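Asker: One predicted model, sequence on top.
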Amino acid sequence: MNNSKQNTAVITSDTVLTLLRPILPWCLMPCIEEPLNEKFDNYKPILTPIDKSMYVLDIESYSGDLRKALESLHLPCLDISVAPSNRLILNYIIVNDNQNVLFKASHFKNPFNDLMQLMCSEDDFPGKPFDDRYWKYLLETAGIQNEITKKLILEFARIVEHLGRIQVTDEVRNKSARLIEYVLNRYQVEKEEATLICFKNSVFEEYSDICWTTCSILPYFANLQSLYSKSTKIQNKKLQQLQVHKEPSLDNVIQHTQNVCDSLKLLANQNSIQDKHVIWIEEVLIQLYAWLLKYKDSNSENLKRSLLQKPIIFIPKSKLFVTCDRVVKSLQVEEIRPYLMEVPEQYGAYFKLFELLGMNTRENICNFVKVLAHLYIDVRDNILHVNELQTVRKALQGICNHLRFLNDQLKTDLANIDTLYLPTRDKFLTNARQIVFSDNRDYEEKIGNDIGMPYMMYLNELNVVGVGNIVSDFKKCL
């Protein structure tokens, strides 16, 4: 018996260490899921391949020579000579899905990645029991998919877009917000991702009132300026990568102005603008006027080309939208609605913009000639009714009153007006070059009425009072 004991090999901690060292890298060891050197009282041990572990070895789980052997390795920091260069064995860890079909761990998405949980379906994740955090590190070590790839982002964005077209629910808002948050906080921002979720050519929410019909508007949670932890340089770089504009372009604001005013004019024409809408409309337009005014000098031609014929002025009292050439700063005669009116005083800060687009300080002969031109657009070849004849009367009286004030500038302005329209005796508006102007009834009787052109309506029939030689003066306008 004594000899037998003497021949038995003594197992020491060194022996255990010698036996343990070759297989240790593939052993699943109980570790504490806490950062290294962090103090803790309560914990839940997890199993991890010790050579990959970033956690503290649960040394209290061992005793005797095995504990001494592990302590001698100064775990969890293993000697590099212990870890083998070939770790392919980890790629063969088999995991089941929700239907108990077996796959490699790398087949699945990481169920412990919050963003993946939001993006992916249940079929993309391992089934029970591998949905428990107990298996987190093992699965990640075994190669479970943990990267938010461009493909995944694009697929998720398409899903959000599809859901949003059906109905914008709280779920859709949450998915969209999380996606944007992820993109904004990535170290490198991918251009393809930005384009899909409409970062490209978008602007911040603070500019929405002046461009919402022409630009994508970033919600408040996507505003890069709110990322205070980022430097201005990084913010600007992200803006450049995402092709986000710091402010809308002038062309976008002009187009938005056209869209808004055209739409509101349709409502005005249908008498659909209610009293409660007036203040809101004024506020919207004042913001547009203020922005456009900044470009009055630097982009005057662009503004004139785009807005000269657009009804951008809202008359609250009448609930009308009109072009700038239909208003004057100070009207000295009775208004001719909707062709000649006084601009509202509350727009005073923007008169310079309106003047660029055709507004006069006071009415002149050109205003009244334009009244007839605008009326012709409305009536065309139809007979003039009572209210339209009243408009003609006011316009002709205005022309007569201002003929004596013609100067070289007004003559030039008149020359730029294509046509003067005058009323015929059968109550039609016609190009003045195609009618006969006569105030001599005796002469008319001699030559007869069948002269191939209509006669202009007698001014006294419209109660228009001429000043001076009306025939001679009118020829100045033709």
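Answerer: Alright, I've got the coordinates. Source: prediction; values computed, not measured.
Asker: just the strands in the stretch 201-350 of the chain please.
Answerer: For the stretch 201-350 of the chain, applying DSSP state E, counting those that start in this stretch gives strands covering 203-204, 217-218, 313-315, 320-322, 327-330, 341-342.
Asker: how about those, which one is nearest residue 289?
Answerer: With distances scored as CB to CB, the stretch of these nearest to residue 289 is strand 313-315 (9.2 Å). Using the backbone N, CA and C atoms, a C-beta is placed for each residue, glycine as well.
Asker: What strands line up against the closest one, and which way round?
Answerer: Using DSSP bridges, strand 313-315 pairs in its sheet with strand 320-322 (antiparallel).
Asker: what's next to the strand it pairs with, contact-wise?
Answerer: Under the contact criterion CB atoms under 8 Å, 6 or more residues apart in numbering, strand 320-322 has outside partners 261, 264-265, 268, 311-315, 337-338, 341.
Asker: Repeat that for stretch 253-263.
Answerer: Stretch 253-263 is contacted by residues 210-215, 248, 284-285, 288, 291-292, 302-303, 306-307, 310-312, 321 when judged by CB under 8 Å, 6+ apart.
Asker: quick revisit: name the member of the contacts of strand 320-322 with the most neighbours.
Answerer: When neighbours are counted by other CB atoms under 10 Å, residue 312 leads the contacts of strand 320-322 with 26 neighbours.
Asker: What's the per-residue pLDDT of it here?
Answerer: Per-residue pLDDT puts residue 312 at 97.
Asker: Now do the closest residue to it other than its chain neighbours against residue 343, distance only.
Answerer: Sequence neighbours aside, residue 261 is the residue nearest to residue 312 in space, at 5.0 Å (criterion: CB to CB, 6 or more residues apart in numbering). Applying CB to CB, to the nearest Å, the value for residue 261 to residue 343 is 15 Å.
Asker: likewise residue 98?
Answerer: According to CB to CB, residue 98 stands 70 Å off from residue 343.
Asker: Looking only at neighbour counts, state which of these two leads.
Answerer: Each of residue 98 and residue 343 has its neighbours counted (other CB under 10 Å); residue 343 has more, 21 against 12.
Asker: How about the more buried one: what's its closest non-neighbour residue?
Answerer: residue 327 (4.2 Å).
Asker: Show the contacting residues for the one you found.
Answerer: Residue 327 sits in contact with 313, 315, 340-343, 354, 359, where contact means CB under 8 Å, 6+ apart.
Asker: Mind putting those residues into TSV with distance to residue 130?
Answerer: Listed next are the contacts of residue 327 as TSV, based on distance: CB to CB, whole Å:
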residue	distance to residue 130
313	68
315	70
340	80
341	76
342	78
343	73
354	70
359	74
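Asker: related to what we said a few turns ago, okay, the contacts of strand 320-322 in TSV with distance to residue 460 next?
Answerer: Shown next, in TSV, are the contacts of strand 320-322 (distance: CB to CB, whole Å):
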residue	distance to residue 460
261	41
264	41
265	37
268	36
311	35
312	39
313	35
314	38
315	33
337	25
338	27
341	28
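Asker: Just give me the closest of these to residue 387.
Answerer: Of these, the one sitting nearest to residue 387 (CB to CB) turns out to be residue 337, at 10.1 Å.
Asker: burial of the nearest residue to that closest one once chain neighbours are set aside, as a residue count?
Answerer: Closest residue in space to residue 337, ignoring its immediate chain neighbours: residue 318 at 6.2 Å, by CB to CB, 6+ apart. Neighbourhood size, residue 318 [other CB under 10 Å]: 13.
Asker: Next, give phi and psi for residue 318.
Answerer: Per-residue torsions, residue 318: phi -100, psi -10 (degrees, to the nearest 10).
Asker: Give me the pLDDT value at it.
Answerer: For residue 318, the predicted pLDDT is 93.
Asker: Pull the contacting residues for it.
Answerer: 337-338, 341.
Asker: Domain ranges for this structure, per the record?
Answerer: 11-72, 88-141, 150-248, 249-363, 364-478 (automatic domain parsing).
Asker: Which of those comes out lowest on mean pLDDT?
Answerer: domain 11-72 (a mean of 55).
Asker: Mark which of the contacts of stretch 253-263 are buried, thanks.
Answerer: 210-212, 214-215, 248, 284-285, 288, 291-292, 303, 306-307, 310-312, 321 (16 or more other CB atoms under 10 Å).
Asker: Please flag which of the residues you listed sit within helices.
Answerer: Judged by DSSP state H, helices contain the following of those: 284-285, 288, 291-292, 303, 306-307.
Asker: In TSV, list those residues along with distance to residue 206.
Answerer: Rendered in TSV, the data for these read as follows (distance: CB to CB, whole Å):
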residue	distance to residue 206
284	15
285	18
288	15
291	12
292	18
303	23
306	24
307	24
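Asker: Out of those, flag the one nearest to residue 408.
Answerer: Closest to residue 408, out of all of those and judged by CB to CB, is residue 303, at 26.4 Å.
Asker: contacting residues for the closest one?
Answerer: 254, 292, 295-296, 353, 356-357.
Asker: May I see the ChimeraX selection of the buried members of those residues?
Answerer: Buried residues among the contacts of residue 303 (16+ other CB under 10 Å), as a ChimeraX selection:
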select :254,292,295,353,356,357
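Asker: what about the strands in the stretch 51-200 of the chain?
Answerer: Under DSSP E, counting those that start in this stretch, the stretch 51-200 of the chain gives strands at 56-57, 94-96, 102-104.
Asker: what about residue 126, neighbour count?
Answerer: Burial measure for residue 126: 22 neighbouring residues, criterion other CB under 10 Å.
Asker: which residues does it contact?
Answerer: Neighbour list for residue 126: 95-97, 105, 108, 111, 135, 139, 144 [criterion: CB under 8 Å, 6+ apart].
Asker: now swap in residue 266 and tell me
Answerer: Neighbours of residue 266 in contact, by CB under 8 Å, 6+ apart: none.
Asker: I'd like the distance between it and residue 311.
Answerer: 10 Å.
Asker: do residue 427 as well
Answerer: 28 Å.
Asker: Am I right that residue 370 is in contact with residue 323?
Answerer: No. Using CB atoms under 8 Å, residue 370 makes no contact with residue 323, being 9.5 Å away.
Asker: Overlap in contacts, those two.
Answerer: By CB under 8 Å, 6+ apart, no residue touches both residue 370 and residue 323.
Asker: Stretch 114-134 spans what distance, first to last residue?
Answerer: 16 Å (CA to CA, to the nearest Å).
Asker: Which positions in it come out as buried?
Answerer: 115-116, 119-120, 124-127, 130-131.
Asker: just stretch 272-282 next, same as before
Answerer: Taking 16+ other CB under 10 Å as the criterion, stretch 272-282 shows 273, 281 as buried.
Asker: hmm, who's touching that stretch?
Answerer: 264, 267, 314, 316, 319, 346.
Asker: Among the residues you listed, which are located in helices?
Answerer: Counting by DSSP H, the part of these found in helices is 264, 267.
Asker: State the pair within the contacts of stretch 272-282 that is farthest apart.
Answerer: Top of the distance list for these (CB to CB): 267 and 346, 20.4 Å.
Asker: Those two: which is more packed in?
Answerer: residue 267 (15 against 10).
Asker: List the residues that contact that one.
Answerer: Residue 267 sits next to residue 273 when contact means CB under 8 Å, 6+ apart.
Asker: Tell me how far it lies from residue 432.
Answerer: 35 Å.
Asker: Please consider this matter closed, and thank you.
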